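Colleague: with the sequence up front, the predicted model follows.
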Amino acid sequence: MLSRIFYKWELNLSRRDTNRVVRPFDWGAEFLSDGPPATDQKSYLMGFAARVVRESDAYHSYAPVGDFHMEGGHLTFTSPLRTVSPANNTVHGWFFPKDPARVVLVLPQWNADAQSHIALCKMLNAFGLSALRLSLPYHDLRMPAELKRADYMLSSNLGRTLQSIRQAVLDARAALDWLEAQGYRRFAVLGTSIGSCVALATVAHDPRVNVAVQNHVSPYFADVVWRGISTRHVRQGLDGHVTLDELRDIWMPISPQAYFHKLQGTGKKSLLVHALYDYTFLPDLSVKVLEEYKRLGLPHETFALRCGHYTSGVFPFNVTLGLAMSRFIRRNL
């Protein structure tokens, strides 16, 4: 009965946005190379993804940023990865200082507006933690004029999606540089939904981060897009052009599964949040992540929300979740 109730509730919440667009499929190889697109773009993307996973440290490296600017709690800087959209190349963050040594980098969900997660940052402050909330690529102030939603971050353009998630990871690492320059020495990253994928890649490739919160978890980026109710319009653009197995391989560089092994032996602690009635990050996908953490012996705790994906942002579930995440970080950072 609860499953039926939450499914209808989640479906209704997912339909609030009426501006979803089914965009045409594109391999998008040009977003991954400075040269002309490969003739066989599918083969190129397959090879690119396999190489990136093998050489992920190089893939997630970046040139230091030199133009950080803070005004009234609003941080801006140029993204280490430049895209063809000028507005997207300026990163925006909102800083909530508290503790001079401990800070949480907060990465919101897909299509979060500029106010999303601000209340969470204030809750982290109440727990004695500083917070920096970062806007994701193509979101709020970074959104190009032709968009109504952050479609360029996740879409049926496979190469641009790869580029966008990589840009988010590099932006997060650059933001950690700024925080380190302010004197912070203990870092946590908290990511929600698509931000959870970005958070895992950031934690796996940045030795400064010792605590991670992954709010909604899946081993594979492709499976969430393929099966979730939030991305049905993206799936429509993919159908007939690529199989799930192919998509899983091409999007492996932005999938947490590719980087779990990099956490072994680091002592980094993670909180894995999963919702029991989640129809976006489906429960069987979340269970695979929990099993993988156990198999690899990675230090972690789990928190099971008795709600769904969208409803985790609705009272009282949002308060319960915020308290659980804040307590975990305060205890472990």
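Modeller: Received the coordinates, thanks.
Colleague: how deep is the closest residue to residue 41 other than its chain neighbours tucked in, by neighbour count?
Modeller: Using CB to CB, 6 or more residues apart in numbering and skipping the chain neighbours, the partner closest in space to residue 41 is residue 27 (3.6 Å). Backbone N, C-alpha and C define where each C-beta goes, glycine included. Neighbours of residue 27 under the rule other CB atoms under 10 Å: 23.
Colleague: I figured residue 230 hits residue 109, correct?
Modeller: No. Counting by CB atoms under 8 Å, residue 109 is not a contact partner of residue 230; they are 9.3 Å apart.
Colleague: need the residue closest to the centroid of this protein.
Modeller: By CA atoms, centre = their mean, the chain has its centre lying nearest to residue 195, at 2.0 Å.
Colleague: please identify the helix or strand for that residue.
Modeller: helix 194-205 (DSSP states H and E).
Colleague: what pairs with whichever helix or strand comes after that helix, parallel or antiparallel?
Modeller: Following helix 194-205 in sequence order, the next helix or strand is strand 209-215 (DSSP H and E). Note on strand 209-215: by DSSP bridges, its sheet partners are strand 186-192 (parallel), strand 269-275 (parallel).
Colleague: ok, residues contacting strand 209-215?
Modeller: With contact meaning CB atoms under 8 Å, 6 or more residues apart in numbering, strand 209-215 is reached by 105, 176, 186-193, 195-196, 199-200, 202-203, 256, 267-273, 289, 312, 321, 325, 328-329, 332-333.
Colleague: now the very next helix or strand once past it: how far from the chain's centre is it?
Modeller: Sequence-wise, the next helix or strand downstream of strand 209-215 (DSSP H and E) is helix 221-227. Computed by CA atoms, centre = their mean, to the nearest Å, the chain-centroid distance of helix 221-227 equals 14 Å.
Colleague: now helix 221-227: average pLDDT?
Modeller: Helix 221-227 shows a mean pLDDT of 97 in the predicted model.
Colleague: do the same with stretch 92-109
Modeller: For stretch 92-109, mean pLDDT is 97.
Colleague: buried residues in that stretch?
Modeller: 92-96, 98-99, 102-109 (16 or more other CB atoms under 10 Å).
Colleague: likewise stretch 76-96?
Modeller: Buried, per 16+ other CB under 10 Å, within stretch 76-96: 77-81, 83, 85, 88-89, 91-96.
Colleague: give me the contacts around it.
Modeller: By CB under 8 Å, 6+ apart, the list of residues contacting stretch 76-96 reads 62-63, 65, 67-70, 73-75, 118, 121-122, 124-125, 130-135, 137-138, 140-145, 152, 163-164, 166-167, 170-171, 173-175, 178.
Colleague: for it, how far is the first residue from the last?
Modeller: 14 Å (CA to CA, to the nearest Å).
Colleague: what about it, distance to the chain center?
Modeller: On CA atoms, centre = their mean, the centre of stretch 76-96 falls 16 Å from that of its chain.
Colleague: what's the answer for stretch 73-83, then?
Modeller: 17 Å.
Colleague: now do stretch 24-34
Modeller: Distance, centroid of stretch 24-34 to centroid of chain: 21 Å (CA atoms, centre = their mean).
Colleague: buried residues, it. List them.
Modeller: Neighbour-count burial for stretch 24-34 [16+ other CB under 10 Å]: 25, 26, 27, 28, 29, 30, 31, 32.
Colleague: go on, stretch 273-292?
Modeller: Neighbour-count burial for stretch 273-292, counted by 16+ other CB under 10 Å, picks out 273-275, 277-282, 285-286, 288-289, 292.
Colleague: quick one, phi/psi of residue 245?
Modeller: For residue 245, the backbone dihedrals are phi -60, psi -40 (criterion: degrees, to the nearest 10).
Colleague: tell me the spacing between it and residue 15.
Modeller: 30 Å (CB to CB, to the nearest Å).
Colleague: any low-confidence regions in the stretch 1-150 of the chain?
Modeller: 1, 6-7, 9, 13-14, 18, 34-36 (pLDDT under 70).
Colleague: where do the helices sit along it?
Modeller: 2-14, 41-54, 56-59, 118-126 (DSSP state H, counting those that start in this stretch).
Colleague: so in the protein, which helix runs the longest?
Modeller: helix 158-181 (DSSP state H).
Colleague: quick one: average pLDDT of it?
Modeller: On average, helix 158-181 scores 98.
Colleague: just checking, what packs against that helix?
Modeller: Helices and strands touching helix 158-181, by 3 or more CB pairs under 8 Å, 6 or more residues apart in numbering; DSSP states H and E, are helix 41-54, strand 74-78, strand 90-96, strand 102-107, strand 130-134, strand 186-192, helix 194-205, helix 244-250.
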